[in-house]
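1. take this sequence and fold it.
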Amino acid sequence: MVWNDACVKLTQSKSSNSEEQLVMLIPESCADLASCSVTSTDGEYWIYPKATSGQRVKIYCHNIRTNPKEYITLKYTNTFVEHDPSNFMTRWQTCRTDYKLPLKSAIFSRVAMNIQDMTVIGSDYTFAVRTGNFKLEFGEAQDCNGYSSMSGCHRFGNAVINTLGTGLILDRNAKWGLINAHKAGIQNFERSEDGAEISITCAGYCGHCGPLSKPLRLILSSEFVSDKEARAEVCRM
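-> Numbers count the residues shown, from 1 in each chain. Have a look, this model is predicted:
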């Protein structure tokens, strides 16, 4: 078997009375896992990326035997709403609350990532349930229900991010704001103390809100994730 050079090599003595060494490999990506083990099943695995200095990350390996890709399984709701002009039924009113259902939205159960630098691939909808022709990326929302300065207007453009249970959070240094807007603004931005939960309310006519620092980057959190949450695969030479 040919071993992937990207795998991290570990050595240990076979016994205390022998100089014979066992060389073991731990995967830095799902592609490594596919090439240096007999694993053929998609699922949750412990991966040891260079971007985390070899600290393990719970990764869902998808299409592991054909085109391995990395995803983070999201245990809680991650929902993004795109309220755009196509939702209007009545125009030229102060608050355009008479809208067509359903609103365009996406609910992500897993989010794609680039394992080399731990950045989010927000336009990958493999594990997202989309309503309507939703075109925004993970972390984004849009509202077209009236100028942000108007009080009393209901706001439909909401984004809810929750990475609890993954051992990861979005980089706290990421900037959030208006991506494309007219008479718009973020009316509400909240982030939990541990950084795992973020909620955004976008307002405008129309307002497109989300991360200004792209791509979003995932970093390790202080959250404990049990060994049982994923499979540990070690290859031997």
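2. centroid residue for the protein?
-> Note on the chain: the residue nearest the mean C-alpha position is V111, at 3.8 Å, using Cα atoms, centre = their mean.
3. roughly how far does that residue sit from T119?
-> 11 Å (Cβ to Cβ, to the nearest Å). C-betas here are computed from N, CA, C, even on glycine.
4. and for I59?
-> For I59, the distance to T119 - Cβ to Cβ - is 14 Å.
5. and these two? which has more neighbours close in?
-> I59 (26 against 17; other Cβ atoms under 10 Å).
6. so is that one in a helix, a strand, or just coil?
-> strand (DSSP: H, G, I helix; E, B strand; the rest coil).
7. work out the gap between stretch 225-237 and the centre of the chain.
-> Chain-centre distance of stretch 225-237: 22 Å, with Cα atoms, centre = their mean, to the nearest Å.
8. for that stretch, list the C-alpha coordinates in CSV.
-> C-alpha atoms of stretch 225-237 as CSV (Å, rounded to 0.1, in the frame of the first residue of the first chain):
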residue,chain,number,x,y,z
VAL,A,225,-16.3,16.4,23.0
SER,A,226,-16.4,12.8,24.1
ASP,A,227,-14.2,10.2,22.4
LYS,A,228,-17.4,8.3,21.6
GLU,A,229,-18.6,11.0,19.3
ALA,A,230,-16.4,9.8,16.4
ARG,A,231,-14.3,6.9,15.3
ALA,A,232,-10.5,7.0,15.7
GLU,A,233,-8.7,5.3,12.8
VAL,A,234,-5.0,4.7,12.9
CYS,A,235,-3.1,3.2,10.0
ARG,A,236,-0.1,1.1,10.4
MET,A,237,2.8,0.5,8.0
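9. what mean pLDDT does it get?
-> Mean per-residue pLDDT for stretch 225-237: 85.
10. and for stretch 38-52?
-> pLDDT averaged over stretch 38-52 gives 93.
11. buried stuff in that stretch?
-> T39, D42, E44, Y45, W46, I47, Y48, P49, A51, T52 (16 or more other Cβ atoms under 10 Å).
12. please settle this for me: is the fifth one part of a helix?
-> Pointing back at W46 there. No. Applying three-state DSSP, one finds W46 to be strand, outside a helix.
13. that one and V225, how far apart?
-> Taking Cβ to Cβ, one finds W46 at 9 Å from V225.
14. from F127, how far out is the residue nearest to K58 when sequence neighbours are not counted?
-> Nearest residue to K58, sequence neighbours excluded (Cβ to Cβ, 6 or more residues apart in numbering): A230, at 4.5 Å. Remark: distance between A230 and F127 (Cβ to Cβ) = 17 Å.
15. which one's more surrounded, the two?
-> A230 (21 against 17).
16. nothing else from me, thank you.
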